[in-house]
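A.B. asks: The following block contains a protein sequence and its predicted model.
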Amino acid sequence: MRIRGLGQAREWGAAHPGAVDAGLALLVQAAVTMPFVVPRPPELEPATWPAYGLTALTVLPLVWRRRAPMAVLLAVLAASALYRLAVEGPGQPLPYQGLVCVYTIAVLAPAWQRAVTAGLLLVAVPVSVWLNTRSVRELTFSLFVFAAAYVLGRLTDARQRAHLVEAERAAARERARIAREMHDILSHAVSLMIVQAEAGPVAVRRAPERAEAAFEAISATGRDAMDQLRRMLGVLRDEDAGEGRSPQPDLAELPALLDRVRAGGLDVRYETSGGVTGLPAPLSATAYRIAQEALTNTVRHARARTATVRIDRSGGLLTVVVRDDGRGPRTPPGRTAGHGLAGMRERAAAHGGSAAAGAGPDGTGFEVRAELPVPSPAEVGPW
């Protein structure tokens, strides 16, 4: 809960930088007000309103610190010099305004502005100490706190850059995931529809009842693809969608998929062992997609008559095997394996598993085998 609140505060601050800077200026003003409200020794001049007004003048530029950090630093230095030379006001335990400026420049300014700032501080800090106490101790402390503010700013900049890189990588991974989903949905649906449509004219002349079944299968396949695409796009449009609205299918929907494949003329056998229920939703969806893509390749390329889909769960491992009796692996010269096989490997690797494809055990047909580790309930947590 505390981490979520901190994240929400950061998001609000990123969306309202002007309000954050105004609040920071008020906080600094409260800090520099303290010496004015604390009773002063009798031998010192009493604090005056003009002196207090000049402290406000040194703080006010901080409101624009993001827009023009160098200009704000120069304005703060000028106002601070005026305060030191023109009035007899109480001193400050820390140079709050200057520290904020140095931190901001270290975070936002280019290298040349940071170099100019370092040169200004190497002049301004000794001059300020000479006008105040002429103490080596104060000089050392002032240089230390300004150096600390600069280092903290550079670390903040490095962290922000790292977060930006990670956000870009996350966006790239999400684009790749969406591309895989779109490929699997459309490739499977279109392949089945093409096969069924090509068989339709022949069936109309020879077996009208088979033609009717083929057209019904085309319609069912198209509706299923549209439904999956609609669910996916719905989740993408809904920024607050949770895992419960994931568009991913699971192994419970695999028999329906096999029925649609059978309607296209391929005899598919389905075998399971070890129980395929109770799997984490992402893992079940991955197993479904791997089986779907393997069957799509069989329908499109294998010229097979039969295929077998086997799901085995044992020893903390989920194994998905899709095997057909077709012509086996044949990649035309000058071409590489398609996106489907690469997508299977990427899906398996995302779960710490592996996927391989090649000729069947006896050298005939084509086989896809994926091995996916099944996490323990403690590793998965609620899903």
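C.D. replies: Thanks, I have the structure now.

A.B. asks: Checking A357 next. Helix, strand or coil?
C.D. replies: Assigned by DSSP: H, G, I helix; E, B strand; the rest coil, the conformation of A357 is strand.

A.B. asks: contacting residues around it?
C.D. replies: Shown in contact with A357 (CB atoms under 8 Å, 6 or more residues apart in numbering): A294, P329, A337, L341, M344, F366, E367, V368, R369. Heads up, the C-betas are built off the backbone N, CA and C, glycines and all.

A.B. asks: Can you tell me which of those residues is nearest R40?
C.D. replies: Each of these was scored against R40 by CB to CB, and M344 proved nearest at 77.6 Å.

A.B. asks: Please produce a PyMOL select command covering the buried subset of the contacts of A357.
C.D. replies: The buried subset of the contacts of A357, as determined by 16 or more other CB atoms under 10 Å, is captured in PyMOL by this line:
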select buried, resi 294+329+341+344+366+367+368+369
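
A.B. asks: Sitting in helices, which of the contacts of A357 do you find?
C.D. replies: The helices, defined by DSSP state H, take in A294, L341, M344 from these.

A.B. asks: Would you mind measuring from the last one to R289?
C.D. replies: Plainly put, M344 is 8 Å away from R289 if you go by CB to CB, to the nearest Å.

A.B. asks: re the thing from before, from the contacts of A357, which two are the most distant?
C.D. replies: Greatest spacing in the contacts of A357, by CB to CB: A337 and R369 (15.3 Å).

A.B. asks: ok, back up a step: just checking, which of the contacts of A357 comes out lowest on pLDDT?
C.D. replies: Checking pLDDT across these, the minimum falls on A337 at 53.

A.B. asks: residues near the residue nearest to G353 when sequence neighbours are not counted, how many?
C.D. replies: If the residues on either side of it in the chain are set aside, G353 comes closest to L372, at 3.9 Å by CB to CB, 6 or more residues apart in numbering. Per other CB atoms under 10 Å, the neighbour tally for L372 reads 25.

A.B. asks: rewinding a little: which one of the ones in helices among the contacts of A357 sits closest to D324?
C.D. replies: Among the ones in helices among the contacts of A357, A294 lies closest to D324 (CB to CB), at 8.6 Å.

A.B. asks: That closest one and I311 touch, don't they?
C.D. replies: No: contact criterion CB atoms under 8 Å: A294 and I311 do not qualify, at 12.0 Å.

A.B. asks: doesn't R310 fall inside a strand?
C.D. replies: Yes: the assignment for R310 (three-state DSSP) places it in a strand.

A.B. asks: Please work out how many residues are found near it.
C.D. replies: By other CB under 10 Å, 16 other residues sit near R310.

A.B. asks: In contact with it, which residues?
C.D. replies: Shown in contact with R310 (CB under 8 Å, 6+ apart): Y270, E271, T272, S273, T319, V320, V321, V322, R323.

A.B. asks: beta partners of it?
C.D. replies: In this entry, R310 is beta-bridged to E271, V321, by DSSP bridges.

A.B. asks: Can you report how many residues lie near the nearest residue to D325 once chain neighbours are set aside?
C.D. replies: Closest residue in space to D325, ignoring its immediate chain neighbours: G365 at 4.7 Å, by CB to CB, 6+ apart. Applying other CB under 10 Å, we find 21 residues neighbouring G365.
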